[in-house]
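Chemist: Compute the structure for the input listed below.
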Amino acid sequence: MYVCHCTVVTDRDVLEAIANGARCVADVARATGAGRTCGNCVTSLRELVCQHCPVASRGTTEHPAERELGVAGAAR
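Modeler: Numbering: from 1, shown residues only. Modelled structure (predicted):
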C-alpha cells in the first residue's frame with residue numbers, strides 16, 4: 001500500500017526503514033523521503049512507527065527536532 005504518494009513510498013519501504021534502524025517519523029523520512037512534501041502521510045507514518053518500532057512501542061515519543069528536519073506536518 002502506498003503511504004506517501006508524493007514520493008511513492010509504500011508501507012513495505014517504511015517497515016524496511018524501521019528494520020534498518022529508523023525509530024521515529026523523522027528517521028523514516030530521512031530514510032525514505034516520505035513526509036517531506038505535503039505532510040498528508042505523517043499520520044500514517046506515525047502509526048506504522050508506533051506499531052512496528054520496538055523503541056516506540058515502549059512509550060518513547062518522537063524527536064522534537066523533527067521541526068528542524070523539515071518533516072512536513074510534524075508541527076501540527
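Chemist: Need the residue closest to the centroid of this structure.
Modeler: In the chain, the residue lying closest to the centroid (Cα atoms, centre = their mean) is Val25, at 2.9 Å.
Chemist: Break down the protein into its strands, ranges please.
Modeler: With DSSP state E as the criterion, the chain has strands at 2-4, 9-10.
Chemist: Is it possible to get CSV of those that adds mean neighbour count, distance to Arg30 and mean pLDDT?
Modeler: (Glycine included, C-beta is placed from N, CA and C.) Output for the strands of the chain, formatted as CSV (neighbours: other Cβ atoms under 10 Å; distance: least, Cβ to Cβ, whole Å; pLDDT from 0 to 100):
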stretch, mean neighbour count, distance to Arg30, mean pLDDT
strand 2-4, 22, 13, 97
strand 9-10, 18, 12, 98
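Chemist: Redo those as TSV? Include distance to Val42.
Modeler: TSV is the format used below for these (distance: least, Cβ to Cβ, whole Å):
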stretch	distance to Val42
strand 2-4	9
strand 9-10	12
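Chemist: re the thing from before, just to check, the residue nearest to the centre of the chain is in contact with Ser44?
Modeler: No - counting by Cβ atoms under 8 Å, Val25 sits too far from Ser44 to count as a contact (9.9 Å).
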